[in-house]
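Trainee: Test case, fold it:
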Amino acid sequence: MTSFLRSDRSTPVAVWLAVVAALILAMVVVGGATRLTGSGLSITEWKPIMGALPPMSDAAWAEAFARYREIPQYRLVNVGMTLNEFKGIFWWEWGHRLLGRLIGVVFAIPFVVFLIRRQIPRRLVWRCAGLLLLGGLQGVIGWWMVASGLSERVSVAPERLTVHLGLALALFVMTVWTALDAWAGKPRQQAPTRWRAWALVFLAAVFLQCLLGALVAGTDAGFAYNDWPLMAGQVFPRDYAGEGLWQTLAHNQASVQLHHRIGAYLLAIATVLLAVFAFRDRLLPIEARRAAWLLAGVVALQIMLGIAALILVVPLWLGLLHQAGAVFLLAAATLFVWRVRRP
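Mentor: Prediction:
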């Protein structure tokens, strides 16, 4: 026990957190499928415990379907849907929620066990506790998002979808970082301030680009303006301006997609510059330089996936690859920041 108390690293804790991070990645991908298949409003109740069980009888299925038929999405988009068709969208949303519950269990139970055995490095205990609390908050935000589409809309509000995905991605980044800290221990010296600052700025830019992508998903903007590099034959789309600033920023397909495209171009330029300067800086550890080139490769792949998804009008498999690519990009950016802070 004493060795655990004094240890600044723990491989079992690192593995546990890596598994949690992988499950968050799966959660984001399944959430993307739920969005692309229009399944997110198929379950109109929030029962954190009892909702873990799907309908178990014909009567239960009929009751769930009856509740769905009361919301605007059914009346305005899916009127005439059969029970079997309803089951098709129900299972996506139920699987998404079940995966969220599974992540909670996979995090909470080992966390308690590791606490009892004193295997979590002291400096990471409160960080892990914070991750657990944020995970619980994510469930509340998920229902807050779903509730926005149950009365006056036929889909969830884009800004609420963005908050929900943004917190999931923030949890992913923090989990990956904590796993790396548990694996390697506390750094023994500080990295050059210049690289620490710029790496963090780059990570923030990647995160912002992911949020812009969430707005694209929330407004179904990927199904519009499917030419590239122009938008409906224009450099600047005619329908850019919405009804007011908020509509332009969060609800208008043309402006939301343009912002995401511009973000991708700026990120590509920044990645090239970062990789080149990292390669030329011989004071930067070789591991950090390799992380920079890995980052450049992931950015290039993600941009190609985004363009292909746009031109092909977002087939499900390609949309999910693009969403998974965003998470891998965040992981690569997190690894780079973590590396440059450990000379």
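
Trainee: switch to C-alpha atoms for all contacts and neighbour counts from now on
Mentor: Will do.

Trainee: Regarding this protein, what is its longest helix?
Mentor: Counting residues, the longest helix in the chain under DSSP state H turns out to be helix 83-117.

Trainee: Now whichever helix or strand comes after that one: buried residues?
Mentor: Next helix or strand after helix 83-117 toward the C-terminus (DSSP states H and E): helix 122-147. Neighbour counts over helix 122-147 (16 or more other C-alpha atoms under 10 Å) mark 122, 124, 128, 131-132, 134-135, 138-139, 141-147 as buried.

Trainee: Packing partners of the helix or strand where L25 lies?
Mentor: Counting by DSSP H and E, the element that carries L25 is helix 11-36. Applying 3 or more C-alpha pairs under 8 Å, 6 or more residues apart in numbering; DSSP states H and E, we find helix 11-36 packed against helix 83-117, helix 158-184, helix 316-340.

Trainee: What are the buried residues along the helix or strand hosting R261?
Mentor: R261 is part of helix 253-280, with elements assigned from DSSP H and E. Within helix 253-280, the residues scored as buried using 16+ other C-alpha under 10 Å are 253-261, 263-264, 267-268, 271-272, 274-275, 278-279.

Trainee: and which of the buried residues of helix 122-147 is nearest A333?
Mentor: Closest to A333 out of the buried residues of helix 122-147 is L131 (19.7 Å), distances taken as C-alpha to C-alpha.

Trainee: excluding its backbone neighbours, what's nearest that closest one?
Mentor: Of all residues not flanking L131 in the chain, L171 sits nearest, at 6.8 Å (C-alpha to C-alpha, 6 or more residues apart in numbering).

Trainee: so how far is Q247 from the one you found?
Mentor: To Q247, L171 is 28 Å away according to C-alpha to C-alpha, to the nearest Å.

Trainee: The two: which has the busier surroundings?
Mentor: For L171 versus Q247, the count of surrounding residues by other C-alpha atoms under 10 Å is larger for L171: 21 against 14.

Trainee: Touching, that one and L132? I think so.
Mentor: No. Counting by C-alpha atoms under 8 Å, L132 is not a contact partner of L171; they are 9.5 Å apart.

Trainee: Could you check the angle whichever strand or helix holds L305 makes with helix 316-340?
Mentor: Using DSSP H and E, the element containing L305 is helix 286-311. Helix 286-311 runs at 160 degrees relative to helix 316-340, counting by axes from the mean of the first three to the mean of the last three C-alpha atoms, to 10 degrees.

Trainee: Now do helix 286-311: which elements does it pack against?
Mentor: helix 253-280, helix 316-340.

Trainee: Same list (these) but as TSV, adding mean pLDDT and distance to Q302.
Mentor: Formatted as TSV, those follow (pLDDT from 0 to 100; distance: least, C-alpha to C-alpha, whole Å):
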stretch	mean pLDDT	distance to Q302
helix 253-280	95	9
helix 316-340	96	6
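
Trainee: Let's have the ones you listed in JSON lines, adding distance to E63.
Mentor: Below are the helices and strands packed on helix 286-311 laid out as JSON lines (distance: least, C-alpha to C-alpha, whole Å):
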{"stretch": "helix 253-280", "distance to E63": "35"}
{"stretch": "helix 316-340", "distance to E63": "29"}
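
Trainee: In the stretch 151-300 of the chain, where is pLDDT below threshold?
Mentor: Filtered on pLDDT under 70, the stretch 151-300 of the chain yields the residue ranges 188-193.

Trainee: What residues does L295 make contact with?
Mentor: Residues near L295 by C-alpha atoms under 8 Å, 6 or more residues apart in numbering: T271, A275, L329, A332, A333, F336.

Trainee: From G130, how far out is the fifth one?
Mentor: Note on A333: its distance to G130, by C-alpha to C-alpha, is 22 Å.

Trainee: likewise the last one?
Mentor: With distances defined as C-alpha to C-alpha, the gap from F336 to G130 amounts to 23 Å.

Trainee: how big is the angle separating the helix holding R261 from helix 316-340?
Mentor: Going by the same axes, to 10 degrees, helix 253-280 makes 40 degrees with helix 316-340.

Trainee: from the chain's centre, how far out does helix 253-280 sit?
Mentor: The chain centre lies 19 Å from the centre of helix 253-280; the measure is C-alpha atoms, centre = their mean, to the nearest Å.

Trainee: Packing partners of it?
Mentor: helix 193-218, helix 245-250, helix 286-311.

Trainee: now that helix against helix 193-218, angle please.
Mentor: Going by the same axes, to 10 degrees, helix 253-280 makes 150 degrees with helix 193-218.

Trainee: wait, isn't V29 in contact with H322?
Mentor: No. Counting by C-alpha under 8 Å, no contact exists between V29 and H322, whose distance comes to 9.3 Å.

Trainee: These two: which has the busier surroundings?
Mentor: H322 (25 against 21).

Trainee: Which residues are in contact with the closest residue to that one other than its chain neighbours?
Mentor: By the measure of C-alpha to C-alpha, 6+ apart, the closest residue to H322 outside its immediate chain neighbours is L305, 5.6 Å from it. By C-alpha under 8 Å, 6+ apart, the residues touching L305 are L318, L321, H322.
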